[in-house]
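S.K.: need a structure here:
(chains A and B)
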Amino acid sequence: MHSVTAIVVAHDGARWLKETLDAVLRQSRPLDRVAGVDNGSRDGSGRLLSEAFGPGSVLSLSRSTGFGEAVHEVVRRLPRAQGQEWLWLLHDDCAPDAHALHALLRAADENPKAAILGPKLRDWLDRRVLLEIGVTVGRSGRRDTGLEPREYDQGQHDGTHGVLDVLSVSTAGMLIRRDVWEELAGLDPVLPLFRDDLDLCWRARVAGHRVLNVTAAVAWHAEAASRRRRRIAVSEDHPRRLDRRNGLFVIMANLPFLALVRSIFRNIAGSLARTVLFLLAKQPANALDEVAALGSVLGNPVRLIKARRARKKGRKQGYPAVARLLTPPGATWRRLADMVQRYLAGEGPVDSAGRHHAAGAAEEEGDELLTDSGLSQRIFSSPGVLLFLLLAGITVAAEWPLLTGGGLLGGGALVPVTGGASDLWRLYTESHHVAGLGSDTWAPPYVAVIAALSTLFFGNTALAVSVLLLGCVPLAGLSAYAATRRMISYTPARVWLAATYALLPLATGVIAAGRVGTALILILIPVYAALATRVVAGSRRAAWGFGLLLAVGTAFDPLVYVVVAILGGLAAVSFGGIRRGVGLSLAIGLGTPIVLLFPWIAGIVLEPRRLLLESGLADPALADPRVSADALLMLNPGGPGTPPVWVTGGLVAVALGALLLRRHQTVVAIGWGVTLFGVLLAVVVGRLGEWPGVPLAFAATGLLVATALTAHRIAEFRAAGGVRRLGALLIVAVAFATPLAAAGLWIKGGAGGPLRGDLRDPLPPLAAAFSPRGERTLLMRPEGGRLTYTILPGRAPLIGESDLRSPEADTARVGAAVAGLASGRGGDDVRTLAAYGIQFVTVPGPVEASLQRVLDSEPALTRMNLSEVGGLWRVVGTVTVPRPPAGSDGWHRTWLWAQAALVALVLVLASPGARTAEQYDDYGDAPEPARPSRRRPRNPEERVPA
Amino acid sequence: MKGLIENRFGLLALVLVALGALYGVAFVSRPAPVPQKTAQKVKTAVESVSMVCPDPAGGRLNVITPPAEQGTGDGGSGAATVEQMKGGKPLASLDKVGALWRQDVPLRTRPVTVAGMGAMAAGLEAAQTTRVTSGAQRGLSGVRCVEPGAEAWFIGPGPAAADVTLHLANSDEAAADVAVMVYAGEGPVLSDRGNGLVIKPGEYREVKLRDLAPSPLVMAVQVTTSGGRVAAAVRASLGEGRGVDWLPAAAPPSTQVVVPGIPGSAGQRELYVATPGEQDAIVQVKAVLKDGSYALKNKETVEVPAGSTTTLDLTTGVGGQAGALVLTADQPIVAGMRMTGTGSRQDVAFTAGATPIDLGSVVADGGPGAKSAKSGGVQQSRLVLSAPFGAATVRIRILPQDGAPAEPVEVALPAARSKEIKLKPPPGSRSGFAVHIVPVAGSGPVYGGRVLSEDTPEGVLLTVQPLAQARTWALVPATAEWPGAVLP
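M.R.: Okay, the predicted model is just below:
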């Protein structure tokens, strides 16, 4: 014979209370007694309770009373009744099904040891969604329902006999035996909210009772407190922090000692890791809560000790029964994997632990290429991918000798690529370099970029550089195609734009001359353009990304920054007044490179000539200062690997034609403005004797975008028929003539030039083998009547080492000694060289007879090797390698750390991250406005740059 | 203005105007083509010279550093040392530029190293001349002291025709690993014995070529080192009554070789040509004599089988005429010549392919002078100069052992002509002397040789030393540090 007392605790829950009370009163198993508690509601909840239960059955308590205290109040006043006495605890936002109590009691009958029973909880709004079928907890204090987010209840979790043995059930709908309640002293008032249920059930389990979730009984729960649908009065803390703190507290209070110690360490480490993750996800409030929760539990040992003392009885003996039901340890890793997956799907790195609903994945950028339905089919029918494959095919055909050279890649501006990512990182971070005659110059920042890329390519620098340089045509095409997605809706125009851009004269010139930096910039420029349209629209995140990528481009060629800064300034003037935040976004975009590259940029400002120098070897032979005026106007920078001037004729003709379309005059005019500016800059740069590739790349981008934006008119013309149709065909033919001719000429002429794929290591193996302590090798090469030389530090030079400068005095002395040695005048030139640690002299083959004779007749040198490949001479006697100065440059070290931190910060700010973590929305009131998109609404103007 | 903007063609016109302006700017600013300037080499004084006189015993040793030319200034102080190898007694220490040091060296003298530093290094030259009037070694023989190197070529009679000795000396601090290759009349002689001769620092060694290749009648010898340097010299003794002399170092294989210094006296003339390559060479022979340059009748070409040495008797072609031979071949060749004096007991002399003396040449033993009776009878010294490829003017200066250097004499050499000049000590000096020969700027390539002869009752004693570039100047190339030097 059961006697059930329902206790409904209400606190500002009038929104749900009416339905709850109806449900309680309409139970198929009528209640023996009902009691209501109103914790100082201000919305009439008390009145509703009185109306339903009668004024005599309602208790009014203060606002700050917790749920547990309220129940205690009721139980204390509740007179004993006949038979087995039960308490049915209900929240004001929890409406039980009409048969819920019936099912609960039947389960209690069938399981005599069950002391606590709970219904299956479903969502209040979406009534099919499962919320809880019992709750467990991990050793980290993490609540675990064992359900997928937004899982529909189809009976899939129901127990065989309608019951599940669980660690705990929620207090919402909890049916508990009164004697057990009193034996366990009920809910702990220390935990006014969250995890009080877990604590109670844990204690019940330890005391030998069973806790059951009765899946036959259903209740609908709005979880109003944890979803912040109502204000919490019992504590001022954020519910998230409260939840976390109570979670930790319950775990630490109930675990036996040894497990406790383990748990403390685990939780400290876990909390720190979570804090970092939260920070990365740009959720500083979450991070703070995490730290504060841990701090408040550990920082308040008295409370913890008191709680532990109260739970001392049977804790250790009962623990095995509990441990069985805790989250298994492997779940952490599963959750981590889940999290990474979800991050990749664009949801942000932090799971929605306390929230029981995860949102569906939002539409992501770039998913046009990577869709999940019929992946391969979609990929191969995407014009972008097809274009990429076509360009890759063209590239392979043109670069065949380079790809199959079998040696090192190098030539033009690129030293033979040797070494790995670790070598480059060391070059970037060390304060004293052994290269050349030793140098204290800081390595240029582009070394770090190449090192990072090499790291991505498993430490293989050669692979990274090859992909970047040799693959720059298809990559630039892909980047141009993807970047114009939001600008140009007409796909054929995008294909044309991407193909033309990828096969510009300067692209083939970049490859032939081995300009890795410009290759990267070529790939980045479309991204700049795409990001710039969003920066101009005021997007902060795009601004950080833009700044970071601009810093990368600037590191390779500072001229990029100048061009972008001027264009950005013009954009600021034009758009600054129109949209809010544009100025700040632009400042972020243009300021980031300066901050990230600060000391290096400062060096360039002091030495403006370097502004025009790209990364790599500054070989004057690679640029033609006499590049003709018509070539510059046709976007042809001259130099090795560039096609004849007429190749880009089609592009320029079509772009001129676009000027005649009146409807788009503004766009076309802006595009042409960029082009004219770029060409003007190219003229200046070219006449200063440098390669005008970068300004021309910007010029070409302006021209291409302006033309492609108007290209959909072609479709209109074609539809018009007649002469217009013929004209449209003609325009298309002229437009596509440029990429087709460029591709054809490129394949025919080959991609090589100064760049070769069959280079040998410049350091003879013999010299490398005998340079264990970094003995240097003097490499001399007679070239056009003069003798060029360089000093190798016992290994081949790395990318970026050519930019290091040795002390002038040393350079001059060694230069004089090298000249003397090559003249054969005798004297102590070799001794001078030996004083700088030079152990070997090598001359790449074929060795000039006169130079060979001179070196052979030098008494201080002895020949080790002479063949067609080259000659190697060794300095007789001991050579001491100068020791690098002890101690490191502290300022350099500090700056590197600062730079790393800044890059990490900018990366975090630029990455998608978890957007607004809180969900304030979608519960309760009927007239709730339509759920706003969690994405920032896309500005319609953003689709068009102008 | 408004009309322009609203007009369909307005924007096009504006852009075209802008493009035209840009074209104009680019066109006007296009720089004139800069002629490629070839970097000039700069002459610099040699700072350190060392050489080895292979076997001066019983002969006279001549060492001189010529005085600096006018206008070039002198390079401060310096010193030269003359000492025997393997710790032998130092013979002299010299510090006076322009003064000839000449001494008769006693028998049992070891090879002598001559080393100069600083001012004494620029043009330091040494030569040994030996005169034996009787016995199997009768003859006048001389050699320019050898600068150590990694490669040396000699061409002359083989061990079957003469007693040929290879003198190897290492005056450096690194051991020399020497290989000797012989190209005989029948082809290259393959022998292991010529390989792996290790000469330790400061050591010297004499190698009988008979031990390496006993059979050749004629041969070319290539001495190479695979490590270190060696000073190599070859002495050929043709036997009783046939003469003795050193083989001068020949120019390394080239498709054009000039064999200078053929004396104008009577006697046999035999040309040696070797081609070390793997293809037969057809060599065109042209004589450059006093009256012109021409091919010799019936001796226009010589065919040299690959890897072998061939002779050609030119007695009827150039006998009795001073001059030089210009050999042009389709394969690299090495060439030399044997010259015989007249008389009942003959003496022999050798010359070999030489390089032009663009920067001047110094002959340490220019002649014995009138009073040096002890080591020489009445020797006559002649200079045979040739300008096969273009007219030249040379300045000749006699540097006597005693007294001041003579005033330079200028001699004009017409193109494709040779000249024989008799060398005499300056008036008032009866001592021996050295000769300094410098082509005047703008001259064509000059080749030459110094001929010493002595008439004895039994026949003429003869020795020839082809002129070699003086070690006065080194050409310093323009150098530039350039990290791109690692790229081909």
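S.K.: next one: A:P912 from A:E290, what distance?
M.R.: Per C-beta to C-beta, to the nearest Å, A:P912 is found 21 Å from A:E290. Yep, even glycine has a C-beta here, placed from its N, CA and C like the rest.
S.K.: neighbour count winner among these two?
M.R.: Neighbour count, other C-beta atoms under 10 Å in any protein chain shown: between A:P912 and A:E290, A:E290 has more, with 25 against 17.
S.K.: which residues sit in contact with the more buried one?
M.R.: A:E290 makes contact with A:R244, A:S271, A:R274, A:T275, A:F278, according to C-beta atoms under 8 Å, 6 or more residues apart in numbering or on different chains.
S.K.: quick one, phi/psi of A:A435?
M.R.: Taking degrees, to the nearest 10, you get phi -60, psi 150 for the backbone angles of A:A435.
S.K.: same check on the one 10 residues further on?
M.R.: Backbone dihedrals for A:P445, given as degrees, to the nearest 10, come out at phi -60, psi -20.
S.K.: hmm, it is touching A:A555, no?
M.R.: Yes. Between A:P445 and A:A555 there is a contact under C-beta atoms under 8 Å: 4.2 Å.
S.K.: which neighbours do these two share?
M.R.: Shared contacts of A:P445 and A:A555, defined by C-beta under 8 Å, 6+ apart, comprise A:L597, A:W600.
S.K.: ok, which stretches of the stretch 401-550 of chain A are strands?
M.R.: Applying DSSP state E, counting those that start in this stretch to the stretch 401-550 of chain A gives strands spanning A:408-410.
S.K.: nearest residue to A:R893 in space, please, no chain neighbours.
M.R.: A:S431 (7.2 Å; C-beta to C-beta, 6 or more residues apart in numbering or on different chains).
S.K.: list the contacts for residue 435?
M.R.: No chain in the question, so chain A it is. A:L427, A:P793, A:P797, A:L798, A:E801, A:L804.
S.K.: hmm, no, I was thinking of chain B.
M.R.: By C-beta under 8 Å, 6+ apart, the residues touching B:V435 are B:V362, B:V363, B:G366, B:L383, B:I396, B:R397, B:I398, B:L399, B:L423, B:R450.
S.K.: and it, that's in a strand?
M.R.: Yes. According to DSSP: H, G, I helix; E, B strand; the rest coil, B:V435 belongs to a strand.
S.K.: bridging residues for it?
M.R.: Taking DSSP bridges as the rule, B:V435 bridges to B:V363, B:I398.
S.K.: low-confidence stretches in chain B?
M.R.: B:1-5, B:69-75, B:370-377 (pLDDT under 70).
S.K.: how about the helices in it?
M.R.: Using DSSP state H, the helices of chain B run over residues B:2-6, B:10-28, B:209-212, B:315-318.
S.K.: which among those helices is found nearest to chain A?
M.R.: Nearest to chain A among those is helix B:10-28; the distance by C-beta to the nearest C-beta comes to 3.5 Å.
S.K.: buried residues, that closest one. List them.
M.R.: By 16 or more other C-beta atoms under 10 Å in any protein chain shown, the buried positions in helix B:10-28 come out as B:G10, B:L11, B:L12, B:L14, B:V15, B:A18, B:L19, B:L22, B:Y23, B:V25, B:A26.
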